[in-house]
Each structure stands twice: as structure tokens, then as C-alpha cells.
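In: here's my sequence, what's the structure:
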Amino acid sequence: MFDEYKDVLSVNEVCEALSIGKNSLYEMLHNNIIKSIKIGKKYLIPKIYLIDFINQYRYSENVL
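Out: Down below sits the predicted model:
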């Protein structure tokens with residue numbers, strides 16, 4: 001899953017991977033729906049955190 005992406009993704013890369021906008025992603029990051037590492041004002045999202053997010057909602061009826 002997400003083999004074409006690096007091990008650590010930028011906000012833009014996650015938006016592309018999930019086909020969502022930056023505002024939606026930032027809301028998810030602020031609410032810790034998708035885990036991330038914040039360095040200064042910059043968010044970095046390890047690919048494993050993105051996969052964890054997908055797996056968490058894969059079989060769930062929850063809609064964001």
C-alpha cells in the first residue's frame with residue numbers, strides 16, 4: 001500500500017494519496033485522527049501512520 005511514496009510524507013503527498021484538500025488534512029492532524037510528527041510548524045506523516053489510519057477505518061462504518 002502506497003509503495004510509490006517515501007517512508008515519510010509531506011502534507012501535499014498525503015493530500016494526493018487520500019485525494020483530499022489541505023484544510024481537511026490539517027483538521028485531521030490537529031484532531032489526531034492521523035498521527036504525525038510536527039517539527040516547528042511543519043507536519044511530517046510517516047507512511048505507517050497513514051496505513052494505520054486506513055486500516056482503522058477500512059472495516060468501520062465511521063465516515064469522517
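In: and the longest helix for the chain?
Out: helix 47-58 (DSSP state H).
In: outside of that helix, which residues touch it?
Out: With contacts defined as Cβ atoms under 8 Å, 6 or more residues apart in numbering, helix 47-58 is touched by 1-2, 5-9, 14, 17-18, 33-36, 64. From N, CA and C alone the C-beta is placed, and that goes for glycine too.
In: how far does the helix or strand of the chain with the lowest mean pLDDT sit from its chain's centre?
Out: One helix or strand of the chain scores below all others by mean pLDDT, DSSP states H and E: helix 47-58, with a mean of 91. For helix 47-58, the distance from its own C-alpha centre to the chain's C-alpha centre is 8 Å (Cα atoms, centre = their mean, to the nearest Å).
In: that older thread, return the longest helix of the chain as CSV; C-alpha atoms alone will do.
Out: Taking C-alpha atoms only, helix 47-58 is exported to CSV below (Å, rounded to 0.1, in the frame of the first residue of the first chain):
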residue,chain,number,x,y,z
LYS,A,47,3.7,6.3,5.9
ILE,A,48,3.0,3.7,8.6
TYR,A,49,0.7,6.3,10.3
LEU,A,50,-1.2,6.8,7.1
ILE,A,51,-1.6,3.0,6.7
ASP,A,52,-2.7,2.7,10.3
PHE,A,53,-5.4,5.4,9.6
ILE,A,54,-6.6,3.5,6.5
ASN,A,55,-6.7,0.2,8.4
GLN,A,56,-8.6,1.8,11.3
TYR,A,57,-11.4,2.9,9.0
ARG,A,58,-11.3,0.1,6.5
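In: would you indicate which residues of that helix are buried?
Out: 47, 49-50, 53 (16 or more other Cβ atoms under 10 Å).
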